[in-house]
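Engineer: Show me the folded form of this:
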Amino acid sequence: MRDFIVEGGIGIYPVIVFGLAAIALAVRYARSPQKGDLALLAGVGIATLLLGSLGTVVGIQASAGFIHATPEKWLFLVGLKESLNVLVTALVAVTLEVLVATYGAVRLARRALA
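Structural biologist: Numbers count the residues shown, from 1 in each chain. Predicted structure coming up:
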């Protein structure tokens, strides 16, 4: 896991922070669902995805920027793999957020029907 984070580079850290915040907000929402919390959940989740995309693209650009400097062109693929760690982190975090938030939304809907 440590290697996964180190390979992701500096761009993975904001994704981890926002991803953990998104999951924490989703857990709070699942425990005590309120209609007004959905906008915050959506915003933090989207920010996590955008940060993951940005970190991935910046990593790919950095990898591509060094292609001319090395005869081993296949090293770009190593950089691509490492850059994709940032996006994977964002997707995992947002998937967990959505699953937990869905549970809260179901609770809210059942409460409204009762």
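Engineer: In this structure A62 contacts G79, no?
Structural biologist: Yes: between A62 and G79 there is a contact under Cβ atoms under 8 Å: 7.0 Å. Where you see a C-beta, it was placed from the backbone N, CA and C, and this is true even at glycine.
Engineer: Which one of these two is surrounded by more residues?
Structural biologist: G79 (20 against 14; other Cβ atoms under 10 Å).
Engineer: With adjacent residues omitted, what lies nearest to the more buried one?
Structural biologist: The spatial neighbour of G79 that comes closest, neighbours along the chain excluded (Cβ to Cβ, 6 or more residues apart in numbering), is S63 at 2.7 Å.
Engineer: Just give me the neighbour total for the one you found.
Structural biologist: Look at S63: counted by other Cβ under 10 Å, it has 18 neighbours.
Engineer: what does T102 give?
Structural biologist: Count around T102 with other Cβ under 10 Å applied: 13.
Engineer: and it, how far is that from N85?
Structural biologist: As defined by Cβ to Cβ, to the nearest Å, T102 lies at a distance of 26 Å from N85.
Engineer: what residue lies at the spatial centre of this protein?
Structural biologist: Residue closest to the average C-alpha location in the chain (Cα atoms, centre = their mean): A90, at 1.5 Å.
Engineer: Where does that residue sit: helix, strand or coil?
Structural biologist: helix (DSSP: H, G, I helix; E, B strand; the rest coil).
Engineer: how about P71, secondary structure?
Structural biologist: Quick answer, by three-state DSSP: P71 is coil.
Engineer: Now the phi/psi pair for it, please.
Structural biologist: phi -70, psi -20 (degrees, to the nearest 10).
Engineer: ditto for G36
Structural biologist: Dihedral pair for G36: phi -70, psi -20, per degrees, to the nearest 10.
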